[in-house]
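Novice: Pasted the sequence and its predicted model underneath.
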Amino acid sequence: MFRFGSPPRLNDMPITIPARLLLHCSILTVLLIFQLFRMELPEGAWSRMKKGIVVVDSDQDQCRRLCTMLEKNQYSTISIHSLQYLEAKLKQSICLAVILDIDTIPVDNRTVRELALKFPNVYFFCLSEQPFHPELKDAICYHMYACLNKPVDPEELLYWTKCIYDEEVVP
């Protein structure tokens, strides 16, 4: 019998021996399947697949190359070719980051600020060929996690994505 205030234990519950055996076996089976499934994936891939990375780029070929680069390293991606669908996608999907090509997608400080305030748990990256964007100074300074140069260096992209996933795991 258990006392008020203490959590009930499995042995305290009126469960018959066959039911208890079945419960233990099903728990062990689930754990075994989980371990086997986890062992098939490369190290760190399990946590990377939990949240996606949204790539917003009106150049569909470049967007596909960027998504392929991320997916080869076990990151799930979502491609969007217009800014108007970004907010809806962020509301319906669990996303950790947005990579925004500011050369092909018309964006301003206000739009980036509003997105960053509505989705504080999402990291925003910008992607550009140009080293300076004075019209986006505030957005880049206060709301962008990092700026990536085109063409995208795969090692740099993977470094930044690993950084945000590592930050997500550390409390």
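Specialist: Yep, it's here.
Novice: domain parsing for this structure?
Specialist: As assigned by automatic domain parsing, the chain contains the domains 10-40, 45-169.
Novice: Buried deepest among those domains, which one?
Specialist: The highest average neighbour count among the domains of the chain, using mean count of other CB atoms under 10 Å, belongs to domain 45-169 at a mean of 16. For glycine as for every other residue, the C-beta is placed from the backbone atoms N, C-alpha and C.
Novice: all strands in the chain, in order from the N-terminus.
Specialist: For the chain, the strands defined by DSSP state E cover 52-56, 77-80, 95-101, 123-128, 146-149.
Novice: and those as JSON lines, adding mean pLDDT and distance to T111?
Specialist: Output for those, formatted as JSON lines (pLDDT from 0 to 100; distance: least, CB to CB, whole Å):
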{"stretch": "strand 52-56", "mean pLDDT": "93", "distance to T111": "11"}
{"stretch": "strand 77-80", "mean pLDDT": "92", "distance to T111": "14"}
{"stretch": "strand 95-101", "mean pLDDT": "93", "distance to T111": "10"}
{"stretch": "strand 123-128", "mean pLDDT": "92", "distance to T111": "11"}
{"stretch": "strand 146-149", "mean pLDDT": "89", "distance to T111": "17"}
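Novice: mean pLDDT lowest for which of the domains of the chain?
Specialist: Among these, domain 10-40 carries the lowest mean pLDDT, a mean of 48.
Novice: pLDDT score assigned to F2?
Specialist: 43.
Novice: Distance-wise, check the closest residue to L100 other than its chain neighbours relative to L158.
Specialist: Residue nearest to L100 in three dimensions, not counting chain neighbours: V56, with 4.8 Å by CB to CB, 6 or more residues apart in numbering. Using CB to CB, to the nearest Å, V56 is found at 19 Å from L158.
Novice: Repeat that for L86.
Specialist: Look at L86 and L158: by CB to CB, they are 23 Å apart.
Novice: ok, now I99?
Specialist: Distance, I99 to L158, using CB to CB: 13 Å.
Novice: What segments of the protein are helices?
Specialist: Per DSSP state H, the chain carries helices over the ranges 17-40, 45-48, 60-71, 86-92, 109-118, 137-142, 154-169.
Novice: Please report the distance of L86 from Q60.
Specialist: 16 Å.
Novice: ok, now E71?
Specialist: E71 is 16 Å from Q60, by CB to CB.
Novice: Equivalent analysis for Q74, please.
Specialist: Distance from Q74 to Q60, by CB to CB: 23 Å.
Novice: One more: A139?
Specialist: Using CB to CB, we find A139 at a distance of 24 Å from Q60.
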